[in-house]
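**Q** output the structure for:
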Amino acid sequence: MRWLPVLYVAAVLLIEPLTPVDWPVSFVLIALPLVTAFAHGPLVVGGATVFAVLLEGVLAGTPCCAGRAVGYLWDRHYVAAYVCTALVGALGTVLAAHRTHRERTLADVRFVAEIAQRVLLRPVPHRIGNLVLESLYLSAAAEARIGGDLYEAVPTAYGVRLLVGDVRGKGLLAVETAAALLGAFREAAHDEPDLAALADRVETSMNRRARQLGGSETEERFVTTVFAEIPGDGHLVRVVNCGHPPPLLLRPGEVRELNNGRSAPPLNLGVLVGEPYHVDTYPFRPGDQLLLYTDGITETRDATGAFYPLLQRLRSWGSLPPRDLLQRLHHDLLAYGRNRPQDDTAALAVGLLDDEPSAPSASAGG
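**A** I've put the predicted structure just below:
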């Protein structure tokens with residue numbers, strides 16, 4: 001795009017001598033300022049405008065061009081072309097200034113979004129004891145970078161606690177709700193010895209926040225979540241599911257859903273049922289992987305409208321370490337959805353290495 005004005009002028013100079021007198025190609029130089037405004041700032045557009053007027057005058061006053069015997073430097077048609085070029089140049093300068101301002105504003109917004117994402121969805125540690133962790137996040141709005149899907153991994157005295165959630169709705173309210181949920185989880189994960197009590201405490205925090213916000217949609221501000229816990233002294237994983245797609249257990253030759261059919265309501269809706277949270281326990285052996293994800297993955301559609309076949313894909317890929325697994329999932333999702341994410345997507349993959357104490361010490365990822 002930056003070389004487009006040069007190519008445009010080169011084309012005019014190449015065609016002008018080859019056309020009849022009645023076809024003055026130099027008139028198309030009127031558009032040069034607008035062509036320049038696509039990729040350059042107002043100063044360059046102003047310079048291109050002056051250059052276009054001068055070049056039009058040179059071509060009009062050169063007798064040899066297009067077989068002319070005399071020049072037409074001050075012919076009324078050419079004078080009109082000079083005036084039109086100047087007016088178009090003024091318009092192009094304004095447009096270039098506006099475009100440059102918008103690009104700077106967008107760059108600032110993206111920078112702020114990146115900072116917000118680092119705070120809200122900070123990278124999970126790549127290694128906690130004998131656990132290997134990787135995360136994936138895709139925003140449906142390319143310029144937003146963050147949305148209502150969330151994940152977290154917290155090493156605690158009770159083991160490594162994991163969270164994946166999906167906030168109902170879009171926009172700033174969803175981001176604010178995700179921030180409140182993550183803050184409540186990060187604080188309570190260190191205090192509550194029982195996973196069900198942790199889920200209940202986060203539910204209480206979200207209910208309190210919904211009441212403080214008020215408004216007509218208080219009851220609809222709910223979040224589907226999965227809480228998981230991998231203790232440091234046993235080969236098992238505990239799960240509390242709050243209306244979310246069940247986690248997947250991956251081991252050589254097997255991919256299955258961890259779903260005992262006891263899913264609780266989403267957060268902010270649990271008060272409507274009043275039942276205690278259920279903790280489901282599953283074996284988690286060395287070499288196993290746990291994949292927690294949001295429905296942005298399974299609701300991705302291809303050109304025919306078919307949903308993304310997550311389990312089928314995972315079974316066809318075989319055994320992959322967490323990083324390779326999420327990288328392949330990322331590329332496959334983009335290819336399946338034609339490079340247009342249709343919803344926010346988050347995923348967290350956790351692999352268990354050979355036996356060593358799964359201590360809560362963590363090494364942060366880059």
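
**Q** got any ranges where the stretch 201-350 of the chain has weak pLDDT?
**A** 213-221, 270-274, 341-342 (pLDDT under 70).

**Q** now L121: phi and psi?
**A** phi -120, psi 70 (degrees, to the nearest 10).

**Q** and the gap between the most centrally placed residue in the chain and H331?
**A** Centroid check for the chain by Cα atoms, centre = their mean gives S139 as the closest residue, at 2.9 Å. From S139 over to H331 the distance is 17 Å, taken as Cβ to Cβ, to the nearest Å. Placement of C-beta: from N, CA and C, glycine included.

**Q** now do the strands in the stretch 201-350 of the chain.
**A** All strands of the stretch 201-350 of the chain, identified by DSSP state E, counting those that start in this stretch, fall at 223-230, 236-242, 248-251, 254-257, 280-283, 289-293, 345-352.

**Q** need the ones you listed in CSV (columns: distance to P322 and mean neighbour count).
**A** Below are those laid out as CSV (distance: least, Cβ to Cβ, whole Å; neighbours: other Cβ atoms under 10 Å):
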stretch, distance to P322, mean neighbour count
strand 223-230, 13, 25
strand 236-242, 15, 22
strand 248-251, 10, 20
strand 254-257, 14, 13
strand 280-283, 18, 15
strand 289-293, 6, 24
strand 345-352, 4, 24
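
**Q** if I've got this straight, A11 is in a helix?
**A** Yes. According to DSSP: H, G, I helix; E, B strand; the rest coil, the state of A11 is that of a helix.

**Q** now do it, the pLDDT please.
**A** A11 carries a pLDDT value of 84.

**Q** burial check on L136, number of neighbours?
**A** A count of nearby residues for L136, using other Cβ atoms under 10 Å, gives 21.

**Q** just the pLDDT for it.
**A** pLDDT at L136 comes out at 92.

**Q** by contact count, what packs against whichever strand or helix holds it?
**A** Element membership of L136, judged by DSSP states H and E, is strand 131-138. Using 3 or more Cβ pairs under 8 Å, 6 or more residues apart in numbering; DSSP states H and E, the elements in contact with strand 131-138 are strand 149-156, helix 322-336, strand 345-352.

**Q** which one of those is the most hemmed in?
**A** Most buried of the helices and strands packed on strand 131-138, by mean neighbour count (mean count of other Cβ atoms under 10 Å): strand 345-352, with a mean of 24.

**Q** give me the angle between that one and strand 149-156.
**A** Inter-element angle recorded for strand 345-352 and strand 149-156: 30 degrees (by axes from the mean of the first three to the mean of the last three Cα atoms, to 10 degrees).

**Q** who does strand 345-352 touch, helix- and strand-wise?
**A** Using 3+ Cβ pairs under 8 Å, 6+ apart: strand 345-352 touches strand 131-138, strand 149-156, strand 159-167, strand 289-293, helix 295-298, helix 322-336.

**Q** the helix or strand in which G183 is found - contacts with which helices or strands?
**A** Using DSSP H and E, G183 falls within helix 171-188. Packing partners of helix 171-188 (3+ Cβ pairs under 8 Å, 6+ apart): helix 76-120, strand 149-156, strand 159-167, helix 195-213, strand 223-230.
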